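In: When you get a sec, could you give me coordinates for this:
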Amino acid sequence: MSGAVGPTQADQPPSRAVKKDHLAAQAEQSRASLPQSDISRTRRQNGVGKLSENGRDMTAHRIFDWSPAAIVFDCDGTLMDTERHWQDARNRVFREFGLKPPAGFAERAKGVHYTECGSLMAEATGKPDLTGDMTHSLLQHFTALVAADPVTMPGAAALVRLAARHLPLAVASNCPLDMVESSLDRAGLLGHFGHIVVAGDTLRPKPYPDVYAAAADLCGVRPQDALAVEDSVTGIDSARSAGLRVLGTGPRPAGRGADRVDLWVNTLGDPELMAWANTRIGMAGPPFPASVHE
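Out: The predicted structure follows:
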């Protein structure tokens, strides 16, 4: 298995192969046959879709009036509640080396590849010679924390299980492959994903578009027909650069970086989002072959 993509790439058994022509045709037929959803009509009647005091995005109609042909999820902070583990791991490393975290470092480090994070930690504390040691320690602490407490983000499991019955799903992550697979496996979600794509020798990490572009290709769809689900500006930039539509989730980052999403929700259990999922995904076509996510 390549370190850059998950267990269902070129060497996958034939029953898990995805035919691009069939998928594209099925997605197009589903979109053409769907009536306009009640949720979309309600949003327009209420003037929702404009930037409002509750933070809804002007481009929300690009999600609610649309049916994706595939969904690509980020892992940390999107599917799994691991951002707190990264924060704890960073703090442990700082203490281990007798250093103090710089102000605002947590937001700066969110979503970046762990090797880049180790480098940032060393540089921000004026100890560039400790880059290798701090990076190694960071990964060790994080692995231990995740193994002890694998928790999914609110609404994530329900959305994944619904979508997996009808669409090809993938994960695009900056974390090591074995870590992504083990955390999803402990949460009972790994089997719902046809592809796990991570940064590696041939794929640059987020914010480069590589992991999202590769994930859409493995799902057999064009990037513009796929939805990315993200919680960080780093991931949003990656997905946007690859050409995917983007759903943001979790606490909205400060600044203008999050403005590149089509829609932002506080959690994946958002009632409006789940109503859309049940209408636009749950009724979008025949069930996706069970062999893809068994």
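In: Report the beta-bridge partners for Ser173.
Out: Beta bridges link Ser173 to Val198, judged by DSSP bridges.
In: quick one, what contacts it?
Out: Listed by C-beta atoms under 8 Å, 6 or more residues apart in numbering, the contact partners of Ser173 are Asp74, Cys75, Asp76, Val180, Ile196, Val197, Val198, Ala199, Val211. Every C-beta, even on glycine, is put in place using the N, C-alpha and C of the backbone.
In: Surely Ala228 is in a strand?
Out: Yes: using DSSP: H, G, I helix; E, B strand; the rest coil, the assignment for Ala228 is a strand.
In: quick one: pLDDT of it?
Out: In this model, Ala228 is scored at 98, pLDDT.
In: same thing with Lys206?
Out: Looking at Lys206, its pLDDT is 97.
In: Using the three-state scheme, assign it.
Out: coil.
In: Give the closest residue to it in space, chain neighbours not counted.
Out: Leaving aside its sequence neighbours, Lys206 sits nearest to Ser238 (C-beta to C-beta, 6 or more residues apart in numbering; 3.7 Å).
In: Do I have it right that that neighbour meets Ala214?
Out: No: with contact defined as C-beta atoms under 8 Å, Ser238 does not reach Ala214; the gap is 11.0 Å.
In: Pull up the overlap in contacts between these two.
Out: Ala172.
In: and Ala170, what are its phi and psi?
Out: Dihedral angles phi and psi of Ala170 (degrees, to the nearest 10) take the values phi -140, psi 160.
In: And for Val171?
Out: The phi/psi pair for Val171 (degrees, to the nearest 10) reads phi -120, psi 140.
In: ok, now which ones touch it?
Out: So Val171 contacts 6, 72-75, 79, 180, 184, 193, 195-197, 215 (C-beta under 8 Å, 6+ apart).
In: Out of those, give me the one that has the most neighbours.
Out: When neighbours are counted by other C-beta atoms under 10 Å, Ala215 leads the contacts of Val171 with 35 neighbours.
In: quick one: the helices in the stretch 1-150 of the chain?
Out: Secondary structure of the stretch 1-150 of the chain (DSSP state H, counting those that start in this stretch): helices located at 20-33, 38-45, 61-64, 83-96, 105-109, 114-124, 131-148.
In: And these: which comes nearest Pro253?
Out: helix 105-109 (7.1 Å; C-beta to C-beta).
In: give me the number of residues near the residue nearest to Thr125 when sequence neighbours are not counted?
Out: Using C-beta to C-beta, 6+ apart and skipping the chain neighbours, the partner closest in space to Thr125 is Leu99 (4.5 Å). Using other C-beta under 10 Å, Leu99 has 17 other residues around it.
In: And Leu99, its phi and psi?
Out: phi -120, psi 160.
In: Buried residues, stretch 102-119. List them.
Out: Phe105, Ala109, Lys110, Gly111, Val112, His113, Tyr114, Thr115, Glu116, Cys117, Gly118, Ser119 (16 or more other C-beta atoms under 10 Å).
In: Check whether the fourth one really touches Gly248, as I assumed.
Out: Read it as Gly111. No: look at Gly111 against Gly248 with C-beta under 8 Å: they stay out of range, at 11.8 Å.
In: overlap in contacts of the two?
Out: With C-beta under 8 Å, 6+ apart as the test, Gly111 and Gly248 both reach Asp231.
In: before we move on, back to that, Ser238 and Ala214: who's more crowded?
Out: Ser238 (29 against 23).
In: which outside residues touch the helix or strand containing Gly235?
Out: Here Gly235 sits within helix 233-242, counting by DSSP states H and E. With C-beta under 8 Å, 6+ apart as the test, helix 233-242 has contacts from 72, 74, 78, 110-112, 172, 174, 206-213, 216, 223, 228, 230, 246, 248, 253, 255, 257-258, 260-261.
In: ok, of those, which come out buried?
Out: Buried among those (16+ other C-beta under 10 Å): 72, 74, 78, 110-112, 172, 174, 206-213, 216, 223, 228, 230, 246, 248, 253, 257-258, 260-261.
In: pretty sure Gln86 contacts Phe142?
Out: Just so we're on the same page, residue 86 is Trp rather than Gln. Yes: assessed by C-beta under 8 Å, Trp86 is found in contact with Phe142 at 6.0 Å.
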